[in-house]
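> Have a look at this fold, sequence not included:
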């Protein structure tokens, strides 16, 4: 038998030792609750001695009679079962609590928690999650997921063990609106892609998805009274490739899927500019009554509806009416940005009239910050993206502001000069830049009381599939999720980048193609 060279024997022993240490370390629970990465950062976390262990006999019990609490329990079971192999029965609680189980309680007992807060108590070998509303329980189970080892996110059976250190977490958000925007007009994304994005943002307690459904390059939502919008306007996208659209049934499916995860869908029909796909579909929307050509480039600001025609407002009423009827959420987004070829004397009365249309539909208006140039109706919100003075004008009219400053929150901006995807007109936006800002102090004249929340837009001029989307969104979105949830005084970059680094293995387990920022001391390499 041939002998093994000494240097090979040394490498073999070293490799065996490393594997042993990794297996041994995996078998040990974390030292205490404070050593586990949780994003967003909880309001308070108090560790204590002891450990909860999930086993094959563990169940999820719920207290209180509500479809919401039952569905939350089933959602948690569906997340825990694939990796553990445990059946995870969901049952109504009627007896005495025992170790190894998870208990969900719905009761109005703590007004400070609001609709989205929760308390999580891990003690006596049990997990007790309590909240005022099902949305709070749903947020709490996202924390439970992150407390388990990252392998819990696997879709295939893993070895475990599945343990969480004892302690108490008390948690509620700083802002009630924590959103993302997905532009499906420049490049169309299938229903399955949108659902995956919804699932990913749910883990980090985001609660809004704003869908940019129309633009110069494509129209993405079926309107039964105006079928050419999808037949013609839905056929194109950036680069001249075939586009696509959502039927109203598919859109309803997305809305329902999001609602099950306590995420509100906000549809946007951009107007009076960014509207070429509609103008190519119906010539009567143009002042010269001639249909425009379909557009597959990336320029902005060249299109405008004919604001002096009554047919324009009938079109808007029909479009928004059909969308409102299948959108249970309170908001319709009317765009209003970069309408450079619309004269201001036409733009202002147009926005005023569209606000009236939305109000009659029983919905609230959101528009990009340019709409503050008009006379804002009560309950209209201004989405700040470019001009701070517009945000201030909105506040002076009593509007709430959604903070989406391009230089801090636009996820389509390049990370640095070597990034092959994205744009850089707002500068380069590295991972720390999404985290290191305070919505309540960014714009003088716009304070905490004026802010509805934050939103992270992703424009898709250069982004055509989910792998590209994930690369641009992650890990920057985690910083924005943290920013929208935690108190401004409770975090700093030095502390956050360690929490983020520990999320790398979880992102990898979920097969997210994240950007491995050199600013973060990642524990594991990104998926490639």
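The structure has been received and is ready for your questions. Note that the structure is predicted; figures quoted are calculated from it, not measured. Numbers count the residues shown, from 1 in each chain.

> which secondary element of the chain has the worst mean pLDDT?
Across the helices and strands of the chain, mean pLDDT, DSSP states H and E gives its lowest value to helix 6-27, namely a mean of 42.

> C-terminal to it, what's the next element?
strand 44-54 (DSSP states H and E).

> strand partners of that following strand, parallel vs antiparallel please.
strand 162-171 (antiparallel) (DSSP bridges).

> what's the straight distance from one end of stretch 455-474 to the other?
15 Å (CA to CA, to the nearest Å).

> do stretch 237-251 as well
From start residue to end residue, stretch 237-251 stretches across 19 Å - CA to CA.

> what's the spacing between it and its chain's center?
21 Å (CA atoms, centre = their mean, to the nearest Å).

> try stretch 140-147
Using CA atoms, centre = their mean, the offset of stretch 140-147 from its chain centre is 17 Å.

> For it, give the mean pLDDT please.
In this model, stretch 140-147 has an average pLDDT of 98.

> Which helix or which strand is home to residue 455?
strand 451-458.

> by contact count, what packs against the helix or strand just after that strand?
Next along the chain after strand 451-458, taking DSSP H and E as the criterion, comes helix 466-473. If you count contacts as 3 or more CB pairs under 8 Å, 6 or more residues apart in numbering; DSSP states H and E, helix 466-473 packs onto helix 191-203, strand 451-458. C-betas here are computed from N, CA, C, even on glycine.

> Tell me what angle helix 466-473 forms with helix 191-203.
30 degrees (axes from the mean of the first three to the mean of the last three CA atoms, to 10 degrees).

> any idea of the angle helix 466-473 forms with strand 451-458?
130 degrees.

> Any buried residues in helix 466-473, and which?
466, 468, 469, 470, 471, 472, 473 (16 or more other CB atoms under 10 Å).

> Burial check on the nearest residue to the third one once chain neighbours are set aside, number of neighbours?
For residue 469, the nearest residue in space outside its immediate sequence neighbours is residue 463; the separation is 5.6 Å by CB to CB, 6 or more residues apart in numbering. Other residues within reach of residue 463 by the criterion other CB atoms under 10 Å amount to 25.

> try residue 109
Residue 109, neighbours per other CB under 10 Å, totals 11.

> Isn't it up against residue 136?
No: counting by CB atoms under 8 Å, residue 109 sits too far from residue 136 to count as a contact (11.3 Å).

> what's the burial count for the nearest residue to residue 46 once chain neighbours are set aside?
Excluding the flanking residues, the one nearest residue 46 by CB to CB, 6+ apart is residue 168, at 4.7 Å. By other CB under 10 Å, 17 other residues sit near residue 168.

> Bridged to residue 168, which residues?
Beta-bridge partners, per DSSP bridges, of residue 168: residue 46, residue 121.

> and it, what does it touch?
Counting by CB atoms under 8 Å, 6 or more residues apart in numbering, residue 168 touches 44, 45, 46, 48, 119, 120, 121, 122, 123.

> do residue 312 as well
285, 305, 306 are the contacts of residue 312 under CB under 8 Å, 6+ apart.

> Quick check: the gap between residue 468 and residue 282.
32 Å (CB to CB, to the nearest Å).

> Low-confidence bits of this structure, can you list those?
For the chain, the stretches with pLDDT under 70 are 1-30, 525-528.

> mind putting the contacts of residue 168 in JSON lines, distance to residue 298 included?
Output for those, formatted as JSON lines (distance: CB to CB, whole Å):
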{"residue": "44", "distance to residue 298": "46"}
{"residue": "45", "distance to residue 298": "45"}
{"residue": "46", "distance to residue 298": "51"}
{"residue": "48", "distance to residue 298": "55"}
{"residue": "119", "distance to residue 298": "48"}
{"residue": "120", "distance to residue 298": "46"}
{"residue": "121", "distance to residue 298": "52"}
{"residue": "122", "distance to residue 298": "50"}
{"residue": "123", "distance to residue 298": "56"}
